[in-house]
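**Q** let me see the structure of the following:
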Amino acid sequence: MNQKRSSTLAACSSNRPSALAACTSNRPSALAACSSNRLRPLAACSRKRRRWRRDGASTFQSDESSWASLHEDLIRLIGWRVLSSDLLDYVRFRAVCPHWRSSTVCPRGRGVLDPRFHPRRWMMLPEGHGLHPGHGKLRKCIRFFSLSTGAFVSVRLPLFSNHCILDSVDGLLLLQRDQDTAVRLLHPFTGDIVELPPLATLRTGLSPMQHRILNWSFHRTVSATSFKVSTDGVVTVMIALFNLARVACANTIDQQWKLSTWSISHLWRPMSFQGKIYMMRCPTFYSELQIFEIDLPRDEDMAGSGGLCLLPEPKLIATCPAGKLQVPYHLAECDLEILVIGRNGRHSSDVLVYRLADIILDRIAPVTSIGGKALFVEERVLSVSSRVHPTIVGDSVVLLHPKEYYLGQYHLGSRTWVPTADGCVKDNGGVPSPCSLIYHIFTCCHRATWNKGALLYQGELQPDWKVKRKWRQGA
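**A** Model (predicted):
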C-alpha cells in the first residue's frame, strides 16, 4: 500500500514542474494580451479627457473673453445700476476683472463728495460689553451691518484710537478728534475724510452767561446732521445741538462753527432727510403739531467773522390738527418718505403712523403698511427690512411698550403687540446677555449708548465714557 502511494506521489511530482513551466510560459502572453486590452479603453479615455479639457478651456476662455470684452459704456451703465442698490455690491462688481475695474469709477476719493457713493443703508454695529470703537479687543476693526439685507462687514479703522462718534448721516460718520475737538466727516468704506473746524469754536457764539454755566455736554449732544457739497467741492455741514437747542453750521473753508440766532425745540428730536433738517413743535399736549423744515445755509449766510450764522428761520410746512396724534412724537424716513409717529391717545398703547405728504395735503389718515419695513423708534428712528432678522415683523413699529416695559413690535395692520425677545427692561440691567440682534439694532437708535459700545437697557441708561472722558463728555 505504501509502495503504491509513493509511486503516485512521484508521478505527480514529476508532472508538476512541466505543468508549472507551461503555466508560466503562457502567463506573459496572457498578461500582455490583458494589458493591451485594458490600455486601449484607457488610452481612448485619456484622449477624450484631453480633448474635453482643451474644449472646456477654450469655451471658458471664450466666455471669459466675451465678458471681459464688453464695451466700457455698457459696463459703466451696469455699474451705476448696481451702485443704486448698494455700494458694496458695486465694489464686488468692480472686482470681477481688471477690465470692469478700469471701466468704472473708483469710489475712493469720491466717497464723501459724490452722493452716489454714500453707504446710506449701512450702520455701525454696537458690540456691547463696552467694546466701543477703538477698544483694544476689537483690534482696530469695526463691524457694520446692512439695514436692508442684514449682511455684516468688518472694516479696519485705526483712527478711532483718538476719535469718538458724534452722529451718522447717510452712512457717513461724524467724528470728533480728541485733544483739539476737530470735527471730521468719514466714509467708513473708502476712508475719505472731510476736515471741519473744531467744536471749541462754538463757544464764540455764546453769551458770557452761557460760557459760565454750560459745560461741554451741551456742545457734543448732536441730534441730527445734514450736509451738502457745492459744485466746487465745498462741503457745508449743519448739526442740531439738542441740549443747546440751537443749530450750528460750518464748511470746509471757514475756521469756526457758527450758531443760529434762533432756537429749536428741545422736546422732540429733529431728523435729517435729503440735506435738510426737520423738526416738530407742539406748545401743549393738546395743541396742534407743527412740522418745520430747516435749509442748509447759503454762502451769504456764512459770511462774516462772528460766531453767529444768519440762517433763515425754520419754515412751517405742515400742521397736524389737535387730537389726531398724541405724544411722544417722532419723525422717520422710510422708502424716501417722511413719516410722523405718535400715539392714539396719551394713555393708549396704540401707535399711529402718518405720511408727511398726506398731512401737507390735508389727507390725514394713518397708514397700515410701510413696505414690509419695521421702524425702530427711540431717540432716533431707523427703517429696517424684515429680511434682516427672522423675528422682525414687517409693517410694524419696534419700541418700548408704554405700560409693560418690554421691547415689543406693534403691527400696524392688526394693531397688536408682540414681544421681540425675552427680558423686561423695567430695571436697569433687565435685558439678558447674550441677547438678540434686535437689541443691537435698537441700540443704534440711541446715540449716547450706540457710540460707546454698550447696549440699551443693559446696564446704565446713559453710560459714561470709560476712556478719555475729558475729551468726550456729552458725546
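**Q** can you tell me the closest non-neighbouring residue to Pro107?
**A** In this structure, Pro107 finds its nearest non-sequential neighbour in Phe117, 4.5 Å apart by Cβ to Cβ, 6 or more residues apart in numbering. Just so you know, the C-beta spots here come from the backbone N, C-alpha and C atoms, and that holds for glycine as well.
**Q** wait, what's in contact with that neighbour?
**A** Residues touching Phe117, when contacts are defined by Cβ atoms under 8 Å, 6 or more residues apart in numbering, comprise Leu83, Leu87, Pro107, Arg110, Gly111, His187, Thr190.
**Q** ditto for Val340
**A** Each residue near Val340 by Cβ under 8 Å, 6+ apart is listed here: 289, 291, 320, 325, 329-332, 353-356, 359.
**Q** let's verify the nearest residue to Val327 once chain neighbours are set aside: helix, strand, or coil?
**A** Leaving aside its sequence neighbours, Val327 sits nearest to Phe285 (Cβ to Cβ, 6+ apart; 5.9 Å). The three-state label given to Phe285 by DSSP: H, G, I helix; E, B strand; the rest coil is coil.
**Q** do you know how far Phe285 is from Gly345?
**A** As defined by Cβ to Cβ, to the nearest Å, Phe285 lies at a distance of 11 Å from Gly345.
**Q** per-residue confidence at the residue nearest to Pro107?
**A** On pLDDT, Phe117 comes in at 96.
**Q** can you pull the phi/psi pair for it?
**A** In terms of degrees, to the nearest 10, the main-chain angles of Phe117 are phi -100, psi 10.
**Q** who does Ala318 bridge with?
**A** Ile291 (DSSP bridges).
**Q** ok, it touching Asp358?
**A** No. In this structure, Ala318 sits apart from Asp358 without contact. The criterion is Cβ atoms under 8 Å, and the distance is 9.3 Å.
**Q** looking at these two, which has the bigger crowd around it?
**A** It is Ala318, of Ala318 and Asp358, that has more neighbours when counted by other Cβ atoms under 10 Å, with 22 against 17.
**Q** the residue lying closest to Glu337 once chain neighbours are set aside: how many residues sit nearby?
**A** Here the nearest residue to Glu337 in space, its sequence neighbours aside, is Arg355; by Cβ to Cβ, 6+ apart that works out to 6.0 Å. Neighbour count of Arg355, defined by other Cβ under 10 Å: 19.
**Q** give me every residue that touches Arg355.
**A** Arg355 makes contact with Glu337, Ile338, Leu339, Val340, Val367 under the criterion Cβ under 8 Å, 6+ apart.
**Q** of all pairs in the residues you listed, which one spans the longest distance?
**A** Of all pairs drawn from the contacts of Arg355, the widest gap by Cβ to Cβ lies between Ile338 and Val367 and measures 12.3 Å.
**Q** which one's more surrounded, the two?
**A** More neighbours surround Ile338 than the other of Ile338 and Val367, with 22 against 17 (other Cβ under 10 Å).
**Q** mind listing what's buried along whatever helix or strand that one lives in?
**A** Secondary-structure assignment from DSSP states H and E places Ile338 in strand 337-343. Within strand 337-343, the residues that qualify as buried are Glu337, Ile338, Leu339, Val340, Ile341, Gly342, Arg343, counting by 16 or more other Cβ atoms under 10 Å.
**Q** try stretch 356-374
**A** Leu356, Asp358, Ile359, Pro366, Val367, Ile370, Lys373, Ala374.
**Q** just those: which are in helices?
**A** In helices, defined here by DSSP state H, the members of these are Leu356, Asp358, Ile359.
**Q** in this structure the last one contacts Cys320, no?
**A** Yes. Between Ile359 and Cys320 a contact is recorded at 5.4 Å, counting by Cβ under 8 Å.
**Q** any chance of the contacts of Arg355 in a markdown table with distance to Leu407 as columns?
**A** Below are the contacts of Arg355 laid out as a markdown table (distance: Cβ to Cβ, whole Å):
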| residue | distance to Leu407 |
| --- | --- |
| Glu337 | 25 |
| Ile338 | 25 |
| Leu339 | 20 |
| Val340 | 22 |
| Val367 | 22 |
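**Q** let me know the closest of the residues you listed to Glu300.
**A** Distance to Glu300, by Cβ to Cβ, is smallest for Ile338 among these, at 28.1 Å.
**Q** so what's that closest one up against?
**A** Contacts were defined as Cβ under 8 Å, 6+ apart; by that measure Ile338 touches Met271, Phe273, Tyr278, Leu331, Ala332, Arg355, Leu356, Ala357.
**Q** make a markdown table out of these and add distance to Val393.
**A** Output for the contacts of Ile338, formatted as a markdown table (distance: Cβ to Cβ, whole Å):
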| residue | distance to Val393 |
| --- | --- |
| Met271 | 23 |
| Phe273 | 25 |
| Tyr278 | 27 |
| Leu331 | 22 |
| Ala332 | 17 |
| Arg355 | 20 |
| Leu356 | 24 |
| Ala357 | 25 |
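**Q** out of those, which comes closest to Thr261?
**A** Using Cβ to Cβ, Tyr278 is the member of those that lies nearest Thr261, at 19.6 Å.
**Q** surely that closest one is in a helix?
**A** No. When three-state DSSP is applied, Tyr278 is found to be strand, with no helix at that position.
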